[in-house]
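1. based on what follows, work out the 3D shape:
(2 chains)
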Amino acid sequence: MRDVSIIGIGITKFGELWDKSLRQLGLETGLSAISDAGIKSKDIDALYIGNMAAGSTLQQEHVSALMADYCGLTDNHIPATRVEAASASGGLALRQAYMAIAGGFIDIAVVGGAEKMTDVSDSESSYTVSMGSDEQWESKAGATFASLHAMMAQSHIDEYGTTREEMSAVSSKNHYHASMNPMAQFPFKVSNEAVSNSGIVSSPLRMLDCAPNSDGAAAVVLCASDKASKYTKKAIKIIGSGQASDTLSLHHRKYLNRMPAIRIAAKRAFKSCGKKPNDLDVIEIHDNFTISEIIALEEIGIFKRGKAGEKILKGETTIGGKIPVNTSGGLKARGHAPGATGIAQIVEIVQQLRGEAGDRQVKNAKIGMVENHGGTAATAVVHILEAE
Amino acid sequence: MSVPRFWRELDSRYNLIGSYCKLTKKYHFPRRTFDPDIGRESIGTMKDYQFKGTGEVINSTVVHQAQTGYEMFGPYCMAIIELDEGPRITSQIVDCDPKTVKPGMKVKAVFRKLGEDSESGILHYGTKFILSEIPQVEEEDESLQNIEL
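-> Down below sits the predicted model:
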């Protein structure tokens, strides 16, 4: 197996990008990732696209060929593959490219994630997001995506005494980080009180516990590590990769307040590089709801079960704290464009490890983790990155 | 949803029909071809089973931002219910103040309208749950509610 490095990154601002189409967003980030890497289009061996919902939101499938075409790659007839695993589509697309290069099949791949969630109404985009859970036996029965996470939150509260204030701290911390990220959808601070007093979406979750449904795109260029020096001096190595699945429905799991797929994916990623949770300097977590960040940090092993909330409230995951989490602003404040999210998380960690994160730079960040999951964590993908 | 897609699940949706594995003595909902615990060994030994429709609330939430098609119910109670035979199911709990639903409460299945394809499309019926321990809403009120839908 060969080592694989990230040699280029690109990202758009996330938000309600009414003046931009899916193909424009994809092209924009693809181009910036390619110029950042210093490669030419003829160097690209394959294209991987993370996209969850173009079929439901744009009536456009076959997004792989669409992106290859509009990125001007059809002359070379490069292999283009779309990967879908709900909100984990981006992370999973990255893993496919990683495996193809590690396995020696190709040398250079561009991995892009793109999503348009605001070309449909709020109710349609919310239904689209809930397609990541079991449509037949959850969504059709009246369960919104938020309501499933609300039951996870309630179960966490009932078992561990997690408080309203602790959940609010996740959101306000992520907004604080986003205030330093020019690409964030909501680059401003929000107080704990504002989160705690925002409207109820599904009890106990409130509006500011929930990530938005955004438009956005992000791309990275992956290269076999032994060839990376040809193009760049700032390659970031992917040292660990893990993936796991779980029951599609939340109700088929033993514990409502756990996300076992994240634990297993993280375990596999740690095992593949011999690292431990306390080796990490910075983490991007899939905080589609505040409770998800709390549970995910417990599953990865950063904090003991039931303890993440109080540690977050104490500021241990804020920039300057013990282990900064979601320095980009996370899904909550950077924005959540399902297929793009997993790649946007990677872009953030690469910026941190390169030392290019500006005001939100974590000092001496050497090793970072990205946790990306789909549905109620029926798919989880975890990557560990290290500065070379 | 297309008619066949809904129609093929009708008995499960209307009558809570799932599977019983004679080897592991476990119940499953919805139907399964084999028991995941023992895999292919159980193929052919699984039997259809109609659940009694009684169970207990494991966890619940009051949904204020309703699911598409459920706007007229909001705020409504969604719950994960453990049927007495073991399997869990996600369902709406109706005919009660949604805030009063708590873990451990006993519930029973009722036949209700789930939604409709469009104004002229087919109606979807299925199973919802009510609390066992509060008096049921009178028939007249129920029919009025149905007319409103």
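2. next up, phi/psi of the nearest residue to residue A:194 once chain neighbours are set aside, please.
-> Once flanking residues are discounted, residue A:194 sits nearest to residue A:208: 6.5 Å by CB to CB, 6 or more residues apart in numbering or on different chains. For glycine as for every other residue, the C-beta is placed from the backbone atoms N, C-alpha and C. Backbone torsions of residue A:208, given as degrees, to the nearest 10, read phi -80, psi 10.
3. ok, residue A:9 next?
-> phi -140, psi 150.
4. let's see the pLDDT reported for it.
-> If you check residue A:9, the pLDDT there is 98.
5. next: the one 5 residues further on.
-> Here, the pLDDT recorded for residue A:14 equals 98.
6. tell me how many other residues surround it.
-> By the criterion of other CB atoms under 10 Å in any protein chain shown, residue A:14 has 31 neighbours.
7. go ahead and confirm residue B:128 touches residue B:112.
-> Yes. Using CB atoms under 8 Å, residue B:128 is in contact with residue B:112, at 4.3 Å.
8. what number of residues lie near whichever residue of the stretch 1-150 of chain A sits closest to chain B?
-> Among the residues of the stretch 1-150 of chain A, residue A:150 lies closest to chain B, at 3.8 Å counting by CB to the nearest CB. With neighbours defined by other CB under 10 Å, the count for residue A:150 comes to 30.
9. contacts only, for the spatially closest residue to residue A:159 that is not a sequence neighbour.
-> Nearest residue to residue A:159 in three dimensions, chain neighbours excluded: residue A:257, at 5.7 Å (CB to CB, 6+ apart). Contacts for residue A:257 were tallied using CB atoms under 8 Å, 6 or more residues apart in numbering or on different chains; they are A:152, A:155, A:156, A:159, A:160, A:295.
10. let's see 7 Å
-> A:152, A:155, A:156, A:159, A:295 (CB atoms under 7 Å, 6 or more residues apart in numbering or on different chains).
11. tell me which element it is part of?
-> Under DSSP states H and E, no helix or strand contains residue A:257.
12. rewinding a little: identify the contacts common to residue B:128 and residue B:112.
-> By CB under 7 Å, 6+ apart, the residues touching both residue B:128 and residue B:112 are residue B:94.
13. hmm, back to that, okay but the residue of the stretch 1-150 of chain A closest to chain B is in contact with residue A:203, surely?
-> Yes. Using CB atoms under 7 Å, residue A:150 is in contact with residue A:203, at 6.2 Å.
14. and for those two, which residues touch both?
-> By CB under 7 Å, 6+ apart, residue A:150 and residue A:203 have these common neighbours: residue B:61.
15. please list all residues in contact with the closest residue in space to residue A:71 that isn't next to it in sequence.
-> Closest residue to residue A:71 apart from its sequence neighbours, by CB to CB, 6+ apart: residue A:30 at 4.8 Å. Listed by CB under 7 Å, 6+ apart, the contact partners of residue A:30 are A:10, A:71, A:110, A:112, A:219.
16. wasn't residue A:30 part of a helix?
-> Yes. The assignment for residue A:30 (DSSP: H, G, I helix; E, B strand; the rest coil) places it in a helix.
17. look up how far residue A:216 lies from it.
-> As judged by CB to CB, to the nearest Å, residue A:30 and residue A:216 stand 14 Å apart.
18. distance of residue A:325 from residue A:273?
-> According to CB to CB, residue A:325 stands 20 Å off from residue A:273.
19. quickly find the element holding residue B:27.
-> Residue B:27 belongs to strand B:26-28 when elements are defined using DSSP H and E.
20. er, residue B:79 actually
-> Here residue B:79 is assigned to strand B:76-83, by DSSP H and E.
21. quick check: residue A:193 is in a strand.
-> No. Counting by three-state DSSP, residue A:193 falls outside a strand, being helix.
22. ok, which stretches of the stretch 151-300 of chain A are helices?
-> Ranges of helices in the stretch 151-300 of chain A, per DSSP state H, counting those that start in this stretch, are A:164-178, A:192-196, A:225-228, A:260-273, A:290-300.
23. now do chain B
-> Taking DSSP state H, the helices of chain B run over residues B:3-7, B:10-15, B:139-148.
24. by mean pLDDT, show me the worst of those helices.
-> Out of these, helix B:139-148 stands lowest, with a mean of 50 (criterion: mean pLDDT).
25. sorry, back to before: rounded mean pLDDT for the strand holding residue B:79, please.
-> Computed over strand B:76-83, the average pLDDT equals 98.
26. of all the residues in chain A, which ones are close to chain B?
-> Within chain A, the positions lying close to chain B (CB under 7 Å from any CB of the partner chain) are A:123, A:127, A:136-144, A:146-147, A:150-151, A:154-155, A:200-203, A:249-252, A:256.
27. domains in chain B, by residue range?
-> Using automatic domain parsing, the domain ranges for chain B come out as B:17-50, B:54-133.
28. deepest of these, which one?
-> Most buried of these, by mean neighbour count (mean count of other CB atoms under 10 Å in any protein chain shown): domain B:54-133, with a mean of 18.
29. of all residues in chain A, which one is nearest the centre?
-> The centroid of chain A falls nearest to residue A:342 when counting by CA atoms, centre = their mean (3.1 Å).
30. torsion angles phi and psi at that residue?
-> phi -60, psi -30.
31. you'd agree it is up against residue A:88?
-> Yes. Counting by CB under 7 Å, residue A:88 is a contact partner of residue A:342 at 6.2 Å.
32. which neighbours do those two share?
-> Residues within reach of residue A:342 and of residue A:88 at once, by CB under 7 Å, 6+ apart, are A:372, A:381.
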